[in-house]
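**Q** Predicted coordinates and the sequence they were generated for:
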Amino acid sequence: MAASPINEASSTETLNPSDSTNGQVSINQPPQLNPQDSDHEPSNPHRTDDTVSGSKRKREEQDPQLQHSDLNGKPSLLPLWKTSLCSYFRREAGSCSHGSECRYAHGEEELRPRPDNTWDPTSERAKKAMKSETGERCSVSEGVMMTEVVVDDDDADDTHCSSNGLSKCLVHLPRKWHSENLRSFLNEQGILFKHAKKKKGMMVGFVSFEDEEQLQSAMKDLEGKSIGSKNIKVADVLPRSFEKKNNSTVGLAEDMQPVTGNAIARENAVTCTSSSGIADGDSNYESLTVDGSVSKTRSARNVVTPLAHMAYADQLEHKKNSLMQILKRLTRNARKACPSGVSLPEWILKSRDIGGLPCKLEGIIESPIKNGYRNKCEFSVGYSLEGKITVGFMLGNFREGVTAVEEPMDCPNVSTIACKYASIFQEFLQPSNLPVWNRFKNTGFWRQLTVREGRKTGKDVDVENLGGISEVMLIVQVSIVSFEEALITSEFKRLAQAFVTGANAHSPTLPLTALIVQNHPGISNVAPADAQLRLLLIPKAGGSPESNEINDVVDARIHDYISNLRFSISPTAFFQVNTLAAEKLYSLAGDWACLGPNTLLFDICCGTGTIGLTLAHRVGMVIGIEMNASAVSDAHRNAEINGIKNCRFVCAKAEDVMGSLLKEYLNVPQKQVDIANTSGSNEKEISAAGQKDTSSDAILDLEESSCHELENGKSPSGCTENGRVEAGNVLQKSGMPENGSTLVQQFENVVAIVDPPRAGLHPTVIKALRTHPCLRRLVYISCNPESLVANAIELCTPSVVKIEKGIKDNRGWRNMSSAGLARHRAKSMPNSEAFQPIKAMAVDLFPHTPHCELVMLLER
Ligand SMILES: C[S@@+](CC[C@H](N)C(=O)[O-])C[C@H]1O[C@@H](n2cnc3c(N)ncnc32)[C@H](O)[C@@H]1O
């Protein structure tokens with residue numbers, strides 16, 4: 001474990017490139033009288049903390065973590081060196097008291113990009129980028145890399161425009177515009193053109209011209225033009241190398257000839273790989289450029305694993321510092337949201353002693369393996385910058401006009417097996433009779449390859465050398481709409497053969513357990529959980545008859561081990577991508593939850609049951625809640641194959657059942673629940689908790705006295721420490737006790753471990769957890785610290801005694817930060833005891849990327 005002490009004088013890195021939006025969003029917050037309370041995330045540690053004084057500076061000087069030095073004694077080895085502006089630097093004086101040794105940048109000239117390629121958000125460069133992108137929540141790309149066909153069938157004769165230089169990309173167009181809007185705009189400006197294409201959602205449009213004269217005149221007219229606050233940028237469309245050679249094939253669009261025309265159509269594509277002026281340093285494109293050096297090095301490795309160039313210890317330090325900055329928002333926002341007349345909670349007052357953090361960040365647990373750790377990779381199918389059909393990672397965002405795909409070999413988080421299968425699929429696609437999915441036109445067939453890996457034993461294995469991976473499930477995503485079944489069937493047969501041949505050509509032979517096709521015609525590659533799946537039979541090596549080990553897609557699954565338990569995972573069920581690091585995450589959560597035989601554990605967003613099942617032997621009972629039906633059926637199966645009997649898994653959205661489950665299992669007087677619910681302003685949200693549940697009514701009556709203190713406004717301590725909390729006995733899948741009776745078992749300790757998706761918990765779930773007085777401890781696991789902070793603001797801000805009517809002014813919520821929204825919601829939280837952040841710890845499940853899991857213990 002690499003737990004390191006808290007660095008009070010934390011650095012100021014944001015978690016990922018899109019973090020520039022944090023500052024951006026906070027612009028929409030009302031102006032703050034107290035700069036310390038501002039929701040803006042000032043990047044400079046000299047300015048961020050509550051202790052904006054000399055004593056703070058002193059602590060920094062003493063902090064050995066800030067005294068890294070290279071062999072020459074210079075602190076230049078710090079990855080964060082000069083990546084933040086120094087707030088003590090005075091231009092007139094020419095320096096700050098630290099002189100040239102100051103680790104912060106003295107002026108914009110000295111400023112370096114951060115390891116994740118973002119800039120100090122308070123710097124001019126960051127502000128400039130932000131200004132040009134006001135309203136965009138995405139980071140600005142440094143270039144258009146559109147490698148897909150953009151012409152329609154009726155424009156097919158226009159194809160030569162790209163190859164003779166008569167096409168241009170317009171960048172910074174309103175995202176809501178369609179082609180029609182672009183055409184109207186050009187007409188209004190009196191600009192002549194041949195064709196104009198624009199897809200809603202993108203900030204890029206494509207215009208072609210009749211001849212050089214028309215093009216030149218348009219360039220002149222477009223110069224300096226802006227739409228709203230954005231200046232339109234014009235980028236070149238460079239003919240791809242293969243198009244130059246094949247001008248003779250003008251006239252066929254990709255999806256005109258789905259059966260035989262793919263190769264020709266690719267050659268005909270009006271595609272653009274825009275120079276965007278970056279390679280040659282065109283200053284017109286400065287606002288599109290994060291950094292010239294970055295643009296030149298844009299690659300799958302930089303996009304997918306932007307921290308890979310740093311030593312692992314530095315990556316951890318970087319993540320820890322980022323997390324600290326985000327965590328401080330919890331303190332600031334809870335303080336801001338604390339109702340007037342209510343005293344600030346102890347944890348906010350004490351935060352001054354720990355640099356503004358809501359609780360100690362105890363460190364960061366490192367991943368047991370650093371390379372090839374991902375057990376699941378999703379590879380896009382598209383075109384490389386050279387126009388080759390490629391299976392790998394997109395080099396940016398479609399909205400920004402980037403569709404170029406690059407092979408994954410240089411990404412250190414991808415396993416060797418996954419890379420091999422991507423290559424095999426790529427080879428297969430080159431002569432395929434079915435076309436690649438076109439993101440611009442939403443047509444085509446081949447979309448994505450997912451490689452999922454499983455292990456047959458729970459031993460720590462050398463994953464980096466294929467060792468231990470004994471099962472592989474391949475899921476090929478396609479869109480079958482408008483293609484002939486006979487053709488599809490023959491291509492699938494060829495596909496299965498290609499995978500088997502490729503796997504056998506490798507030494508040792510690559511495992512191949514299941515081959516599945518997922519049909520998804522939707523716009524993005526993210527398919528709904530119920531997207532149609534089809535099992536492909538895997539031919540045996542040497543042409544022998546097809547394997548019949550699995551006959552039905554419901555039997556298609558891989559296995560993995562966590563804490564010596566075997567987990568069966570179906571194709572679309574969530575499973576943490578770094579199994580060995582996940583084991584550490586779950587055991588930390590279990591340790592912090594203070595479990596015992598008298599504990600009732602709610603595993604909220606339980607997936608295949610990993611957390612609940614690995615902790616089941618330490619508690620009386622587990623209730624898991626999960627919305628993905630196949631994950632829930634995996635959870636049942638996993639309980640069964642591991643002989644675990646004290647778990648119940650509920651298939652539902654947590655927001656639909658949390659309240660009623662708490663009521664079902666926890667013995668709170670009806671009166672108390674009613675008091676809590678009626679004081680809230682959002683009665684609809686709370687109604688799930690208020691539903692009448694006959695199975696628990698009898699117990700509620702018996703237990704009325706145990707929580708009576710609450711009704712008098714006193715501490716509900718009796719509920720968990722001494723009071724009786726009852727729950728159903730060991731339950732079967734149905735949720736009924738095995739003997740069918742309503743026997744109940746006493747639990748003294750009720751704990752929730754929540755592990756929601758990136759968006760965090762639904763407000764209804766938060767309200768249900770917060771207003772249930774018997775729930776005293778909550779362990780929050782998050783892959784997105786921003787949503788953890790937002791949810792924790794609601795859980796930890798003291799509530800108002802009486803909610804004023806009419807407080808629900810939700811105008812402008814779209815422009816609010818998640819923290820701002822949480823503050824807003826906190827105002828209408830029913831009168832209930834707030835949680836307190838006790839401690840936090842990070843677990844690095846994603847080496848080489850800016851991401852990290854964060855665990856926070858909340859108690860009351
Ligand atoms: C981050 S995963 C965690 C899964 C599990 N705890 C694990 O570690 O394997 C989040 C899970 O929440 C589920 N989920 C998403 N939204 C949900 C909701 N509203 N109610 C219940 N489950 C939800 C997803 O299907 C996914 O399985």
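**A** Sure, I can see it. Numbers count the residues shown, from 1 in each chain.
**Q** Just give me the neighbour total for the spatially closest residue to residue 211 that is not a sequence neighbour.
**A** In this structure, residue 211 finds its nearest non-sequential neighbour in residue 166, 7.1 Å apart by CB to CB, 6 or more residues apart in numbering. Every C-beta, even on glycine, is put in place using the N, C-alpha and C of the backbone. Residues contacting residue 166 under the criterion other CB atoms under 10 Å number 20.
**Q** just residue 620 next, same as before
**A** Residues contacting residue 620 under the criterion other CB under 10 Å number 21.
**Q** quick one, longest helix in the chain?
**A** Counting by DSSP state H, the longest helix found in the chain is helix 312-337.
**Q** In three-state terms, label residue 662 for me.
**A** helix (DSSP: H, G, I helix; E, B strand; the rest coil).
**Q** Nearest residue to it in space, ignoring adjacent ones along the chain?
**A** residue 772 (4.8 Å).
**Q** Contact partners for whichever residue of the stretch 151-300 of the chain sits closest to the ligand?
**A** The nearest approach of the stretch 151-300 of the chain to the ligand comes at residue 201, 24.1 Å away (CB to the nearest ligand atom). Residues near residue 201 by CB atoms under 8 Å, 6 or more residues apart in numbering: 175, 398, 399.
**Q** Run through those residues and flag the ones next to the ligand.
**A** Filtering the contacts of residue 201 for neighbours of the ligand using CB under 6 Å from any ligand atom leaves an empty set.
**Q** taking those one by one, which sit in strands?
**A** Residues of the contacts of residue 201 located in strands (DSSP state E): none.
**Q** Closest residue of the stretch 401-550 of the chain to the ligand?
**A** residue 529 (7.3 Å).
**Q** mind listing what that residue touches?
**A** Applying CB under 8 Å, 6+ apart, the residues near residue 529 are 572, 628, 629, 630.
**Q** for it, helix, strand, or coil?
**A** Secondary structure state of residue 529, per three-state DSSP, is coil.
**Q** As a check, name the ranges of all strands in the stretch 701-850 of the chain.
**A** 725-728, 744-747, 749-754, 777-782, 836-843 (DSSP state E, counting those that start in this stretch).
**Q** how about the ones you listed in JSON lines, adding distance to residue 123?
**A** Listed next are those as JSON lines, based on distance: least, CB to CB, whole Å:
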{"stretch": "strand 725-728", "distance to residue 123": "53"}
{"stretch": "strand 744-747", "distance to residue 123": "53"}
{"stretch": "strand 749-754", "distance to residue 123": "36"}
{"stretch": "strand 777-782", "distance to residue 123": "29"}
{"stretch": "strand 836-843", "distance to residue 123": "26"}
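**Q** Could you say which one of these comes nearest to residue 596?
**A** Minimum separation from residue 596 across the strands of the stretch 701-850 of the chain (CB to CB) falls at strand 749-754, 6.2 Å.
**Q** Go ahead and name everything in contact with the closest one.
**A** When contacts are defined by CB under 8 Å, 6+ apart, strand 749-754 is touched by residues 589, 593-596, 598-605, 611-612, 615, 666, 720, 725, 761, 765, 769, 774-781.
**Q** Looking at the residues you listed, which are in helices?
**A** Per DSSP H, the contacts of strand 749-754 map to helices at 589, 611, 612, 615, 765, 769.
**Q** related to what we said a few turns ago, how near is the residue of the stretch 401-550 of the chain closest to the ligand to residue 627?
**A** Using CB to CB, to the nearest Å, one obtains 8 Å as the distance from residue 529 to residue 627.
**Q** next one: residue 487
**A** 36 Å.
**Q** and those two? which has more neighbours close in?
**A** Legend: neighbour count by other CB under 10 Å for residue 487 and residue 627, higher for residue 627 (17 against 14).
**Q** which residues touch that one?
**A** 651, 652, 653, 654.
**Q** Output those as a markdown table; include the columns neighbour count, secondary structure and pLDDT.
**A** As requested, the contacts of residue 627 are arranged in a markdown table below (neighbours: other CB atoms under 10 Å; DSSP: H, G, I helix; E, B strand; the rest coil; pLDDT from 0 to 100):
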| residue | neighbour count | secondary structure | pLDDT |
| --- | --- | --- | --- |
| 651 | 18 | strand | 98 |
| 652 | 15 | coil | 97 |
| 653 | 15 | coil | 98 |
| 654 | 25 | helix | 98 |
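**Q** Check the burial of residue 779 by counting its neighbours.
**A** Using other CB under 10 Å, the number of residues around residue 779 comes to 24.
**Q** what residues are up against it?
**A** Per CB under 8 Å, 6+ apart, neighbours of residue 779: 589, 592, 593, 751, 752, 753, 754, 855, 856, 857, 858.
**Q** List only those of those residues flagged as buried.
**A** 589, 592, 593, 751, 752, 753, 754, 855, 856, 857, 858 (16 or more other CB atoms under 10 Å).
**Q** before we move on, back to that, closest one to the ligand out of the ones in helices among the contacts of strand 749-754, please.
**A** Checking the ones in helices among the contacts of strand 749-754 against the ligand by CB to the nearest ligand atom gives residue 611 as the nearest, at 5.0 Å.
**Q** so how many other residues sit close to the closest one?
**A** Look at residue 611: counted by other CB under 10 Å, it has 28 neighbours.
**Q** Could you do the one 3 residues further on as well?
**A** Using other CB under 10 Å, the number of residues around residue 614 comes to 23.
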